[in-house]
Structure formats: structure tokens, C-alpha cells
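[1] Dropping a prediction and its sequence here:
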Amino acid sequence: MQIIDFEKIESVERYKLMAGNIIPRPVAWIVTENEGIINIAPFSYFTGVSSVPPLLMVSIGREKKGINEPKDTFKNIKETKKASVCLVPIELTEKMDKTGEVLPHNISEAEKFGIELQRIDENFPPIVKGCKRAFLTKLYGTFENEEMATIPFFLRINKMYIEGEFEPVARVGKGYARLCEMENG
Ligand SMILES: Cc1cc2nc3c(=O)[nH]c(=O)nc-3n(C[C@H](O)[C@H](O)[C@H](O)COP(=O)(O)O)c2cc1C
């Protein structure tokens with residue numbers, strides 16, 4: 001038995017303990033569009049928080065890893081106030097994982113990784129083709145202070161896209177898992 005004091009461990013250890021134990025987590029595959037460039041990136045500090053109003057929360061790091069530059073998704077949502085949040089089906093896991101790579105702001109993951117997009121509403125960024133569930137959202141607000149390296153973005157769901165059967169991938173630690181059903185679940 002041990003009790004770990006989170007104030008006395010490194011942030012990477014905190015991440016491992018949280019990501020390895022708050023499981024499974026869904027993955028928000030977020031599409032944003034800014035000055036004609038489509039950006040796609042996955043986020044698993046992600047959950048639904050309220051139905052009145054319909055809000056979800058995605059926590060986005062302020063900066064790209066090792067670079068003193070904002071994450072594209074962070075910058076784009078702040079500037080455009082819009083995001084299409086796709087839920088990831090098992091068959092797109094590998095493609096989704098690739099889009100976690102750090103790329104310069106002017107390079108689109110869609111082009112680099114050959115990800116097909118589908119425009120379902122002219123007022124929102126497109127969704128990733130093959131994603132069977134997606135939320136078209138507008139920025140509701142953020143919660144920020146100086147200590148925070150990762151900022152929770154509250155997004156208000158404007159519309160939801162639904163298509164056929166959907167088996168989501170789940171994030172477990174640094175890996176992925178399928179869900180299995182339990183009786184009486
Ligand atoms: C499955 C998965 C989950 C991730 N979850 C998060 C997260 O919750 N918050 C975050 O800031 N970065 C997360 N990342 C890392 C971002 O996807 C990564 O920093 C990406 O380069 C950001 O892209 P952007 O600069 O185009 O927004 C995750 C990566 C993967 C593969």
C-alpha cells in the first residue's frame with residue numbers, strides 16, 4: 001500500500017498515474033479550420049460535462065512539445081471559436097494516433113496523412129470521413145490560470161452527427177483498448 005503525494009512527484013509521473021488509472025478514456029479527434037488550413041489532432045483529456053447546456057470538455061496543452069509555440073488546436077479554437085469533435089472508431093485508431101505528431105502550423109494533418117474529410121455543415125469545420133459520431137461545437141469558455149500548462153476548453157454542442165453502428169476506441173495509459181459489454185451494463 002502506498003499514498004502518493006502529487007505535490008512531491010514530477011509532472012510526467014502525475015501524467016502516468018492519471019492516464020494509466022483514469023480509464024478507459026474516449027478520444028476527441030478535433031478538426032479545426034483557420035485561414036483555410038484544416039488541423040486535426042487527438043485529445044483524451046476529454047469528457048462530457050453537462051446536458052443543460054450541452055457541454056463537453058477537452059483539456060489542451062498550451063504549447064507544442066519542445067517548442068515555444070501554441071498547439072494548433074489551442075490557437076484555432078481561441079481564434080475561430082469552433083471545433084468539430086469526432087469520436088474515433090476502432091478502424092481509424094492508427095490514423096488518429098499519427099495525427100498526434102507535432103507539425104508546423106501551416107501543414108495540415110489531413111494532407112500529410114491522407115485523411116479524408118467530409119463537410120457536413122458549412123458553418124463548422126469538416127469531420128473526418130469514417131467517423132460515425134461527431135459533435136459540431138462552439139467555444140463556451142475556458143478555465144485558465146498561470147499555473148496551468150493544460151487548459152480545459154468547454155465546448156457547447158450545436159449539432160451531432162450520427163451514422164450507423166459505432167465501436168469506439170478507448171485510451172488506456174499510452175495504449176488503446178476496445179470496450180467489452182458487461183451483463184446488466
Ligand atoms: C490518443 C492521444 C491523446 C492525446 N490527448 C491529449 C490531450 O488530452 N491534451 C493534449 O494537450 N494533448 C493530447 N495529445 C497530444 C496532441 O494530440 C499533440 O500535442 C498534437 O500534436 C496536437 O496537435 P495540434 O498542434 O495540431 O493541435 C494526445 C495525443 C494522442 C495520440
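    Great, that's in hand. Numbers count the residues shown, from 1 in each chain.
[2] Please count neighbours and contacts with C-alpha atoms only from this point.
    Will do.
[3] I figured residue 159 hits residue 136, correct?
    Yes. Assessed by Cα atoms under 8 Å, residue 159 is found in contact with residue 136 at 5.1 Å.
[4] Any buried residues in stretch 10-20, and which?
    Residues of stretch 10-20 classed as buried: 14, 19-20 (neighbour count, 16 or more other Cα atoms under 10 Å).
[5] nearest residue to residue 21 other than its sequence neighbours?
    residue 173 (7.3 Å; Cα to Cα, 6 or more residues apart in numbering).
[6] OK, contacts around residue 143?
    Residue 143 is in contact with 151-153, counting by Cα atoms under 8 Å, 6 or more residues apart in numbering.
[7] near the ligand, which residues of this protein?
    39-45, 59-61, 64, 71-73, 97, 100-102 (Cα under 6 Å from any ligand atom).
[8] From those residues, keep the buried residues only.
    39-45, 59-61, 64, 71-73.
[9] Need the max-distance pair from those residues.
    Across these, the longest distance by Cα to Cα is 18.3 Å; it joins 39 and 45.
[10] quick one: the strands in this protein?
    28-34, 37-43, 46-51, 54-61, 82-87, 117-118, 127-128, 133-142, 150-162, 169-172, 175-178 (DSSP state E).
[11] Save the ones you listed as JSON lines, and put in distance to residue 2 and mean pLDDT too.
    Output for the strands of the chain, formatted as JSON lines (distance: least, Cα to Cα, whole Å; pLDDT from 0 to 100):
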{"stretch": "strand 28-34", "distance to residue 2": "33", "mean pLDDT": "98"}
{"stretch": "strand 37-43", "distance to residue 2": "30", "mean pLDDT": "97"}
{"stretch": "strand 46-51", "distance to residue 2": "28", "mean pLDDT": "98"}
{"stretch": "strand 54-61", "distance to residue 2": "28", "mean pLDDT": "98"}
{"stretch": "strand 82-87", "distance to residue 2": "36", "mean pLDDT": "98"}
{"stretch": "strand 117-118", "distance to residue 2": "48", "mean pLDDT": "98"}
{"stretch": "strand 127-128", "distance to residue 2": "43", "mean pLDDT": "98"}
{"stretch": "strand 133-142", "distance to residue 2": "34", "mean pLDDT": "98"}
{"stretch": "strand 150-162", "distance to residue 2": "27", "mean pLDDT": "98"}
{"stretch": "strand 169-172", "distance to residue 2": "22", "mean pLDDT": "97"}
{"stretch": "strand 175-178", "distance to residue 2": "25", "mean pLDDT": "96"}
